[in-house]
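Undergrad: Next input, structure requested:
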Amino acid sequence: MNRRTLLRTTAAAGVALSLSGCLRRGDDEDALVVSDEEAGESEDGTFVVTVTISNPTDRAASGTLYVNSQLDDEALTRVREVSLEPHSTTTVRVEFDVQFRNMSSINWDTDLVED
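TA: Below is the predicted model of the structure:
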């Protein structure tokens, strides 16, 4: 292979690689991200989980938030639908009908599934 052919091939590959990122629509990326979550006692004295969800992408996105908890010996799950415009953030409060002060053990986690 001569030098001119090598340079031409290398230049064409470089242009193709640099454009590949610009031409992506980003639909395969997760748009919804849990940016913060905390649990505690609500004003009414019940157990509450507060979840902050962000959409840092250029497209609207929706999904389902699952808050799974093990409160003493009782497994409880709460489900919330979430829709966010591009570059926006929302906070979701999920309350459980269990008095916070009466619980001896609390375990919880969140799972966010995009539509």
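Undergrad: Can you tell me which residue sits nearest the middle of this structure?
TA: Taking C-alpha atoms, centre = their mean as the criterion, residue 33 is the residue nearest the geometric centre of the chain, at 2.3 Å.
Undergrad: who does that one bridge with?
TA: Beta-bridge pairing of residue 33 under DSSP bridges involves residue 54.
Undergrad: Check residue 47 too.
TA: Where residue 47 sits in a bridge, its partners, by DSSP bridges, are residue 41.
Undergrad: Contacts only, for it.
TA: With contacts defined as C-beta atoms under 8 Å, 6 or more residues apart in numbering, the neighbours of residue 47 are 39-41, 69, 71, 95-96, 98-100, 103, 106. Every C-beta, even on glycine, is put in place using the N, C-alpha and C of the backbone.
Undergrad: Now do residue 10, the pLDDT please.
TA: With respect to pLDDT, residue 10 has a value of 44.
Undergrad: if we can go back for a sec, return the residues in contact with the residue nearest to the centre of the chain.
TA: Going by C-beta under 8 Å, 6+ apart, residue 33 touches 53-56, 112.
Undergrad: Show me the helices in this protein, by range?
TA: All helices of the chain, identified by DSSP state H, fall at 3-23.
Undergrad: quick one on the thing from earlier: dump the contacts of residue 47 into TSV; add pLDDT, neighbour count and distance to residue 60 as well.
TA: Output for these, formatted as TSV (pLDDT from 0 to 100; neighbours: other C-beta atoms under 10 Å; distance: C-beta to C-beta, whole Å):
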residue	pLDDT	neighbour count	distance to residue 60
39	96	19	29
40	95	10	31
41	96	13	34
69	96	21	29
71	93	19	34
95	96	15	27
96	96	22	30
98	93	16	34
99	94	13	38
100	94	17	35
103	92	15	38
106	93	16	34
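Undergrad: Quick check: the spatially closest residue to residue 100 that is not a sequence neighbour vs residue 82, distance?
TA: Spatially, and ignoring its direct neighbours in sequence, residue 100 is nearest to residue 41 (3.9 Å; C-beta to C-beta, 6 or more residues apart in numbering). Between residue 41 and residue 82 the computed distance is 24 Å (C-beta to C-beta, to the nearest Å).
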